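Participant: sequence unavailable; structure follows:
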């Protein structure tokens, strides 16, 4: 990994750093900005939830943080995301990201003197929160968290590959913070091995990174396609069309994303475990007190976690650094967490048997890692049954997935009305509902799974996975005539031949949901 790359050397140059991306969004009219003061304590997430699914937002006036701007909703509108990367639509996004998973572009290393993220270097900072923007999501939480930084683990620490991802932190001790890890994740694998060896893990946390790096940070539990030792920054490079630039950290043996806004360097100490909140520490209880919402749409709980010890903070020298404050369980977060996940599932099914899988979608209501809908096309009788292989494989390899649904090519997987119609009219409850992995390993952050712990603490060691549910809602091969959908002749008539513009607007303005979809397709 060597060499340099300049913005003028590649297409999609607006994706090289967050500032270029914001300029691109601004020019398109896809960015709203305000100088009204916003409080990181509850106001940022409250406003984001009111604008859930809307365009990106920049707050230039952050209470108590004169040196920072706050960005949110960067991935809130998936149509804007598709345009940002040059994808035609959702299906094109999934297929092109699946290609990127198989054809990574390794990152390129630049010198420390050239790295934007190291224009200012502060070693041994006393108070990390002074340089970041901690937020509080809900009034149920007693303390603020830092959750939007992207860890970067590289080299021997990760099997000579690169790993990026999210970990919530609470810097309760100035330059030492808790470092929460999802059981079974890449970081869990890294820290578990370090714990056995009684070693610390050097890494960097990068804030305000290029958008493709953010996408890969959400790619959790895709480990058949993105195994331990893979090159996630390389996949990010392939997704954006040019290599990600990295730089050696100043104080630890790790890489940082060179075009980030702010980087905190340091190491995770697996032996030094502390409670995430003072409230949990007071009664020495895990999994009880509210802390940080979770992807499943429920309140999270405070646990005891390893600690992250900060050795340096580096940053750009601009007057204001950009912190991407990401609210948990928002469409912004959902689109980050599912884009690579959908592509990985598509690629996995394609590798099992090419040509059958057509598309993959994880709707917002399936909550990131909780479920998936796949669309298949059976081309001959021998391909009947592969949809069940796909369902079983996805449930077994996507840790914690609870619902996987397969539908035929005539079903729009982006319409939950269509999917529910297929389940209602095509599923035999005796033969088409699968439960392939009971007693396996799931996700502790799902309350229904926590209930398996009974009276014990809600921790991963005390819970069990119920197995998930696979639903085969496809048309059996050879029975297509019996499941043929009627198609009304909408292509033979035009409303303009019969009605005025005002009359048409009066009618079509009342259409919504499945009715609107069926009107367009004639079904």
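Facilitator: Perfect, I can see it now. Every value quoted in this text rests on a predicted model; they were computed, and no experiment measured them.

Participant: quick one, what contacts the nearest residue to residue 75 once chain neighbours are set aside?
Facilitator: Nearest residue to residue 75, sequence neighbours excluded (C-beta to C-beta, 6 or more residues apart in numbering): residue 335, at 4.2 Å. Every residue, glycine included, has its C-beta placed from N, CA and C. Shown in contact with residue 335 (C-beta atoms under 8 Å, 6 or more residues apart in numbering): 75, 76, 78, 81.

Participant: where's residue 335, which helix or strand?
Facilitator: In this structure, residue 335 sits in helix 331-352 according to DSSP states H and E.

Participant: what helices or strands is the next helix or strand after that helix leaning on?
Facilitator: Downstream of helix 331-352, the first helix or strand assigned by DSSP H and E is strand 357-361. With contacts taken as 3 or more C-beta pairs under 8 Å, 6 or more residues apart in numbering; DSSP states H and E, strand 357-361 sits against helix 90-102, helix 331-352, strand 371-376.

Participant: residue 171: which of those is closest?
Facilitator: helix 331-352 (21.4 Å; C-beta to C-beta).

Participant: coming back round to it: out of the helices and strands packed on strand 357-361, nearest to residue 125?
Facilitator: Of all those, helix 331-352 comes closest under C-beta to C-beta, at 27.8 Å.

Participant: so which bits of that closest one are buried?
Facilitator: Buried residues in helix 331-352, counting neighbours by 16 or more other C-beta atoms under 10 Å, are found at 331-350.

Participant: and for stretch 317-335?
Facilitator: 320-335.

Participant: name the nearest of those relative to residue 20.
Facilitator: The closest of those to residue 20 turns out to be residue 322 (C-beta to C-beta; 11.6 Å).

Participant: please, which helix or strand holds the closest one?
Facilitator: Short version, using DSSP H and E: residue 322 is in strand 321-324.

Participant: got the helices and strands packed on strand 357-361 as TSV, with mean pLDDT and distance to residue 507 columns?
Facilitator: Output for the helices and strands packed on strand 357-361, formatted as TSV (pLDDT from 0 to 100; distance: least, C-beta to C-beta, whole Å):
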stretch	mean pLDDT	distance to residue 507
helix 90-102	98	28
helix 331-352	97	30
strand 371-376	98	31
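
Participant: adding distance to residue 67, write those out as TSV.
Facilitator: Below are these laid out as TSV (distance: least, C-beta to C-beta, whole Å):
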stretch	distance to residue 67
helix 90-102	35
helix 331-352	24
strand 371-376	41
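
Participant: where does the stretch 401-523 of the chain have low pLDDT?
Facilitator: 442-454, 458-465 (pLDDT under 70).

Participant: and the helices in it, which stretches?
Facilitator: 416-426, 447-450, 501-508, 513-521 (DSSP state H, counting those that start in this stretch).

Participant: can you pull the contacts of the residue nearest the centre of the chain?
Facilitator: Residue closest to the average C-alpha location in the chain (C-alpha atoms, centre = their mean): residue 337, at 1.5 Å. By C-beta under 8 Å, 6+ apart, the contact set of residue 337 is 218, 220, 295, 368, 369.

Participant: and the least confident of those residues?
Facilitator: Of all these, residue 295 carries the smallest pLDDT score, 80.

Participant: quick check: that residue touching residue 368?
Facilitator: Yes: using C-beta atoms under 8 Å, residue 295 makes contact with residue 368 at a distance of 4.1 Å.

Participant: list residues touching both of those two?
Facilitator: 333, 334, 337.

Participant: among those residues, which one lies nearest to residue 361?
Facilitator: Distances from residue 361 to the shared contacts of residue 295 and residue 368, taken by C-beta to C-beta, are shortest for residue 334, at 11.7 Å.

Participant: verify the stated contact: the closest one with residue 368.
Facilitator: Yes: with contacts counted by C-beta under 8 Å, residue 334 reaches residue 368, the gap being 5.8 Å.

Participant: now do the shared contacts for the two.
Facilitator: 295, 362.

Participant: just for the stretch 1-150 of the chain, where's the confidence low?
Facilitator: Applying pLDDT under 70 to the stretch 1-150 of the chain flags residues 1-9.

Participant: all strands of it, in order?
Facilitator: Here the stretch 1-150 of the chain has its strands, by DSSP state E, counting those that start in this stretch, at 32-38, 57-62, 68-72, 108-109, 120-123, 150-155.

Participant: what does the stretch 351-500 of the chain give?
Facilitator: 357-361, 371-376, 403-408, 433-434, 469-473.

Participant: any chance of a markdown table for those strands, columns mean neighbour count and distance to residue 387?
Facilitator: Formatted as a markdown table, the strands of the stretch 351-500 of the chain follow (neighbours: other C-beta atoms under 10 Å; distance: least, C-beta to C-beta, whole Å):
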| stretch | mean neighbour count | distance to residue 387 |
| --- | --- | --- |
| strand 357-361 | 23 | 9 |
| strand 371-376 | 24 | 5 |
| strand 403-408 | 23 | 4 |
| strand 433-434 | 16 | 10 |
| strand 469-473 | 22 | 6 |
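
Participant: nearest to residue 299, out of those?
Facilitator: Of the strands of the stretch 351-500 of the chain, nearest to residue 299 by C-beta to C-beta is strand 371-376, at 20.2 Å.

Participant: what's the angle between the closest one and strand 357-361?
Facilitator: Angle, strand 371-376 to strand 357-361, by axes from the mean of the first three to the mean of the last three C-alpha atoms, to 10 degrees: 160 degrees.

Participant: which helices and strands does strand 371-376 pack with?
Facilitator: By 3+ C-beta pairs under 8 Å, 6+ apart, strand 371-376 packs against helix 331-352, strand 357-361, helix 386-397, strand 403-408.

Participant: give me that answer again for 10 Å
Facilitator: Judged by 3 or more C-beta pairs under 10 Å, 6 or more residues apart in numbering; DSSP states H and E, the packing partners of strand 371-376 are helix 331-352, strand 357-361, helix 386-397, strand 403-408, helix 416-426, strand 469-473.

Participant: tell me what the one helix or strand residue 233 maps to is packed against?
Facilitator: In this structure, residue 233 is located in helix 232-240 according to DSSP H and E. Where contact means 3+ C-beta pairs under 10 Å, 6+ apart, helix 232-240 is packed against helix 78-85, helix 90-102, strand 150-155, strand 161-166, helix 211-217, strand 245-248, strand 255-257, helix 331-352.
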